[in-house]
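> got a predicted structure here, sequence first:
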Amino acid sequence: MDHSHHHHAHKGTIGNTAVANTQSSDHMMMHHAMSFHFGTEETILFDFWKTETAVGIVVSCFVTVLLAFLMETIRFFRDYRKAQIQIHQPPIAPEDRLKRSPQLDLIDPLLQLFQLTIAYCLMLIFMTFNVYLCFFTVVGEIISHLLYRTLYPHLNSSSSGHC
């Protein structure tokens, strides 16, 4: 009896990643580990960002710290702009807000867009569940947050602690 028309899934593993391959195609579906693990073989965010060696994972951890620092820098700059606007401008009546320059009103939403995008990328990096990447995601955020809060303690606004 010929069963070649049935589509049975065959499973295996490559490194820390489970692989499913159907008989009907050469397409392989990757399933990432759903528990914390150590290792150097990871696909991080995009297919082109893959690590296979210890050097690759170290470089990726460094990039993750830089992303956290960039996100915190954008957050700081938003706080700084809000503080400068409050110092140099009197409160604006709601009916006068429409008369303001639209360029000024677009800067903060654009900065928030970049901040949120980086925050979600950091979340997805954390969700690789690679212990090294998770650790450096948290460390990068903590160090950069503490750096800005220590150097500029007067900037304590509503955006701190929020993405």
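The structure has been received and is ready for your questions.
> what's the longest helix anywhere in the chain packed up against?
Looking across the chain with DSSP state H, the single longest helix is helix 54-88. Secondary-structure packing of helix 54-88 (3 or more C-beta pairs under 8 Å, 6 or more residues apart in numbering; DSSP states H and E): strand 50-51, helix 102-126, helix 131-151. Where you see a C-beta, it was placed from the backbone N, CA and C, and this is true even at glycine.
> and it with helix 131-151, angle?
Angle of helix 54-88 versus helix 131-151, following axes from the mean of the first three to the mean of the last three C-alpha atoms, to 10 degrees, is 30 degrees.
> report the buried residues of helix 54-88.
Neighbour-count burial for helix 54-88, with 16 or more other C-beta atoms under 10 Å as criterion, is recorded at 56-57, 60-61, 63-65, 67-72, 74-79.
> with stretch 128-135 instead?
Of all the residues in stretch 128-135, those buried under the rule 16+ other C-beta under 10 Å are Thr128, Asn130, Tyr132, Leu133, Cys134.
> widest-spaced pair of these?
Farthest pair in the buried residues of stretch 128-135 (C-beta to C-beta) is Thr128 and Tyr132. Separation: 9.5 Å.
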